[in-house]
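Student: Quick one: sequence and predicted model below, then my questions.
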Amino acid sequence: MISRTMRQQASLQAGGALLVSMILIFMLSVMGISSMRGATLERQMANNSIQAREVFQAAESSTEAVLNSRTTLNAAYVAAMNDPTADPTEVDVTVRSDIGMDSKVTLQYVGSGLAPGYSAGVFEGLRFIALGDARIDDVRARSLVEQGGLIRVPARQ
């Protein structure tokens, strides 16, 4: 009698282990897929952060390069003196063309005044504003940086 009850019980449990193992495999697969999606999202966020910092640095470097170029500042000054209503001077600056980055700086002479730290009438300061625009179009990353510059020159008599 005992052996017959054990056989009936065993026949009722046939396939139970298979069902449990299939449910476990399904759950592990879902967990694996969700963790892969999370890792992919984190990688994309890290890449976006790197590219955002890179275009910001490029925009800042471009404005620094233009404000440190005496030739470019002189050209903007002369253009403003010849035609005060003229558009600001645009300068293309190559920073990282290997990754498809474009960088452009718009330089504008905005006037003159007393040079800080000097006696009135000895020096005057020529003031400029540089607007740097760097972008990587492939990934839609863009940064704008505005900086001011001042050149001390002997005062006009």
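Tutor: Great, that's in hand.

Student: where does the protein dip in pLDDT?
Tutor: 1-14, 119, 157 (pLDDT under 70).

Student: A helix includes residue 49, no?
Tutor: Yes. Using DSSP: H, G, I helix; E, B strand; the rest coil, the assignment for residue 49 is a helix.

Student: The residue nearest the centre of the chain is in what secondary structure piece?
Tutor: For the chain, the residue nearest the mean C-alpha position is residue 52 (1.8 Å; Cα atoms, centre = their mean). Assigned by DSSP states H and E, residue 52 belongs to helix 16-67.

Student: Just after that helix, pick out the following helix or strand.
Tutor: Heading C-terminal from helix 16-67 (DSSP H and E), you reach helix 70-82.

Student: Which positions in that next one come out as buried?
Tutor: 72, 73, 76, 77, 79, 80 (16 or more other Cβ atoms under 10 Å). In short, each C-beta sits where N, CA and C put it, glycine included.

Student: would TSV of the residues you listed with distance to residue 23 be doable?
Tutor: Listed next are those as TSV, based on distance: Cβ to Cβ, whole Å:
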residue	distance to residue 23
72	70
73	73
76	72
77	77
79	75
80	76
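
Student: what about the closest residue to residue 72 other than its chain neighbours, how many residues close to it?
Tutor: Spatial nearest neighbour of residue 72, excluding adjacent residues (Cβ to Cβ, 6 or more residues apart in numbering): residue 66 at 5.2 Å. When neighbours are counted by other Cβ atoms under 10 Å, residue 66 registers 25.

Student: which ones are touching residue 66?
Tutor: 72, 73, 91, 93, 105, 107, 130, 132 (Cβ atoms under 8 Å, 6 or more residues apart in numbering).

Student: So which of those residues sit within strands?
Tutor: Using DSSP state E, the members of those that fall in strands are 91, 105, 107, 130, 132.

Student: ok, now which ones touch the fourth one?
Tutor: So the one you mean is residue 130. 63, 66, 67, 105, 106, 107, 108, 146, 147, 148, 149.

Student: For residue 151, give its distance to residue 126.
Tutor: 5 Å (Cβ to Cβ, to the nearest Å).
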